[in-house]
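> Here you go, sequence then predicted model.
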Amino acid sequence: YGFIDGALAPLYGVTLPKNAPMQKVTLPAGQRSGILSQVSVLAALAKDKETDPVVRGKYVRTRLLCGEIPPPPPNVNAVPPAASASLTTRERFVQHAADPSCSGCHHLMDPIGLAFERYDGIGRFRTQEVGKTIDATGRLDDTSAEERTFDGVPGLAALLSETPEAFGCLAAKVHVYGHGRPIAEADLCTVRDMATGLREGGGNLRDLVVSLVTSDTFSSRQR
């Protein structure tokens, strides 16, 4: 479900009067799943008239998994491939996987970002691009022992909800927000315990906040 008004309804594929106020609605099955499929997020992570797999993939990798992306080599042309009337975005971005000077960084972003391709630059759901069926499969390509693959943003969201890095990242961000400062070495055990509790508790955000404010690092200070 989602909360939308008459102006947002066409973007979400829902029929409402144009002047309808904000309200809870049932969204088309299989199209949306959590914050990653909200129009606001999708549009912010894309260009005006096209998607941006690199930016969308980087957002997940750095903001939801707390990963790091190395800066591009100084001699690399960082301009993305131009839009094409005959090639899909996935086909255009395949060069990032083929070029050794690009693949080192882009394998951390593109396989995630291309899973967003069922949403255009302003977040509308679609199934085709340039007359071709969109391939929205993706993977978390990292140092994990097993390959973690998924199909589309709903599949990505489901995978993130079971990924240890995502629990650790959320716990770290809540810790930083709650303390108003960066994480110190003395905080690492607390952050780890917060992440463990979050995962074992099924991702309950209330429990995460409680675990923060009842921790020793929150209730006491070092001299």
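Structure's in. What do you need?
> Let me see the ranges of the strands in the protein.
Assigned by DSSP state E, the strands in the chain fall at 2-4, 23-25, 128-129, 132-133, 137-140, 148-151.
> Quick check, central residue of the protein?
By C-alpha atoms, centre = their mean, the chain has its centre lying nearest to V60, at 3.4 Å.
> For the closest residue in space to it that isn't next to it in sequence, which residues are in contact?
Leaving aside its sequence neighbours, V60 sits nearest to I112 (C-beta to C-beta, 6 or more residues apart in numbering; 4.9 Å). From N, CA and C alone the C-beta is placed, and that goes for glycine too. Listed by C-beta atoms under 8 Å, 6 or more residues apart in numbering, the contact set of I112 reads R56, G57, V60, R61, G138, R139, L140, L156.
> still on that earlier bit, out of the strands of the chain, which comes closest to A171?
With C-beta to C-beta, the closest approach to A171 among these belongs to strand 137-140: 18.7 Å.
> Do you know the pLDDT at the residue nearest to V60?
Listed pLDDT for I112 reads 95.
> With S219 instead?
Confidence at S219, expressed as pLDDT, is 83.
> S211 and D193 touch, don't they?
Yes: counting by C-beta atoms under 8 Å, S211 touches D193, with 6.9 Å between them.
> Give me the more crowded residue out of the two.
Shown here are S211 and D193; by other C-beta atoms under 10 Å, S211 has more neighbours (22 against 13).
> residue contacts, P28?
Counting by C-beta under 8 Å, 6+ apart, P28 has contacts Y12, G13, V14, F125.
> returning to that earlier point: can you tell me which of the strands of the chain is packed in deepest?
strand 137-140 (a mean of 20; mean count of other C-beta atoms under 10 Å).
> what lines up beside that one in the sheet?
strand 148-151 (antiparallel) (DSSP bridges).
> per-residue confidence averaged over the partner strand?
91.
> same question, stretch 119-131
96.
> Quick check: buried residues in that stretch?
Going by neighbour count (16 or more other C-beta atoms under 10 Å), the buried part of stretch 119-131 is Y119, D120, G123, R124, F125, E129.
> Show me where the protein has its helices.
Under the criterion DSSP state H, the chain contains helices at 9-12, 39-44, 53-59, 89-92, 94-98, 100-106, 110-113, 152-160, 164-179, 188-200, 205-213, 216-219.
> Show residues contacting the fourth one.
The one in question is helix 89-92. E50, T51, P53, P81, A82, A83, S84, L114, E117, E129, I134, D135.
> how does it look with 6 Å?
Residues outside helix 89-92 that contact it (C-beta atoms under 6 Å, 6 or more residues apart in numbering): T51, P81, S84, L114, E117, D135.
> what sits against the second one?
The contact partners of P81, by C-beta under 6 Å, 6+ apart, come to R92.
> How about R124?
Applying C-beta under 6 Å, 6+ apart, the residues contacting R124 are L11.
> distance of it from L205?
For R124, the distance to L205 equals 29 Å [C-beta to C-beta, to the nearest Å].
> Between which two of the buried residues of stretch 119-131 is the distance greatest?
G123 and E129 (14.7 Å).
> lowest confidence element among the helices and strands of this structure?
helix 94-98 (a mean of 75; mean pLDDT, DSSP states H and E).
> just checking, what packs against that one?
helix 100-106 (3 or more C-beta pairs under 6 Å, 6 or more residues apart in numbering; DSSP states H and E).
> Could you list every helix and strand in contact with the helix it packs on?
The contact analysis (3+ C-beta pairs under 6 Å, 6+ apart) places helix 100-106 against helix 94-98.
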